[in-house]
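Undergrad: Coordinates for the following, if possible.
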Amino acid sequence: MNSASVFIALGANLGEARQTLQQTMARLEEFSDTPLAKSSLWGTAPLDCPPGSPMFVNAVVGLQPRPGETPESLLEKLQALEKEFGRQPKRALNEARPLDLDLIAFGQATRQTPLLVLPHPRAHLRRFVMQPLSEIAPDFVLPGQSKTVVQFLMDLPPDQTIKKLN
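TA: Numbers count the residues shown, from 1 in each chain. Okay, here's the model as predicted:
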């Protein structure tokens, strides 16, 4: 993947989460000029979620945006895809959801608006993002950072709950 790459984190912990992520990856192909780079699926414990929240299935994909695509236009498409898979407006912080799509990076673009912050402000702090991202872009450096994905991953505390599912 190169510096024009877009990285999207996928997560789900309601319904058939594995199937949802696989179907979502197929749909995300429509947004890319090249085949997606796809991480493995990872089972992860809910982080900062309401008590009793189910385990998550997480993954990351990389794509090459089509000509004319902007971070904002892609975000709209991602939010529409979440709704298509049954995502409802939030009622509680970090509640269980059938699909969550986070735009992690759009090349080297940066944004700081009420609707979009790029790169994702907490991606480098989350093993459930960095672990799958390290499979497809280990040497990627998030805009504004100096460490690679692998270096951030090595700095994170161990987590015995994260498990590769495929």
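Undergrad: hey, let's count contacts and neighbours off CA atoms from now on
TA: Fine.
Undergrad: what packs against the top helix by length along the chain?
TA: Looking across the chain with DSSP state H, the single longest helix is helix 71-84. Helix 71-84 is packed against strand 100-106, with contacts defined by 3 or more C-alpha pairs under 8 Å, 6 or more residues apart in numbering; DSSP states H and E.
Undergrad: and for the helix or strand just after the strand it packs on, what are the contacting residues?
TA: Using DSSP states H and E, the helix or strand that follows strand 100-106 in sequence is strand 111-112. Contact partners of strand 111-112, identified using C-alpha atoms under 8 Å, 6 or more residues apart in numbering, comprise V117, L118, P119.
Undergrad: Quick one: mean pLDDT over strand 111-112.
TA: Mean pLDDT, strand 111-112: 95.
Undergrad: mind listing what that strand pairs with, with the direction of each?
TA: strand 117-118 (antiparallel) (DSSP bridges).
Undergrad: And the partner strand, how far out from the chain middle?
TA: 13 Å (C-alpha atoms, centre = their mean, to the nearest Å).
Undergrad: Please apply the same query to stretch 108-121.
TA: Distance of stretch 108-121 from its chain centroid, counting by C-alpha atoms, centre = their mean, is 14 Å.
Undergrad: for this structure, what are the low-confidence residue spans?
TA: Scanning the chain for pLDDT under 70 picks out the ranges 1-4, 90-95.
Undergrad: Am I right that V57 is in a strand?
TA: Yes. Under DSSP: H, G, I helix; E, B strand; the rest coil, V57 sits within a strand.
Undergrad: quick revisit: output the longest helix of the chain in CSV, but only the C-alpha positions, please.
TA: Listed next in CSV are the C-alpha coordinates belonging to helix 71-84 (Å, rounded to 0.1, in the frame of the first residue of the first chain):
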residue,chain,number,x,y,z
PRO,A,71,-12.4,11.8,3.0
GLU,A,72,-15.8,13.4,3.5
SER,A,73,-17.4,11.7,0.5
LEU,A,74,-16.0,8.3,1.7
LEU,A,75,-17.2,8.9,5.2
GLU,A,76,-20.7,9.4,3.9
LYS,A,77,-20.5,6.1,2.0
LEU,A,78,-19.2,4.3,5.1
GLN,A,79,-22.1,5.7,7.2
ALA,A,80,-24.6,4.6,4.6
LEU,A,81,-23.1,1.1,4.6
GLU,A,82,-23.4,1.0,8.4
LYS,A,83,-27.1,1.9,8.2
GLU,A,84,-27.6,-0.7,5.5
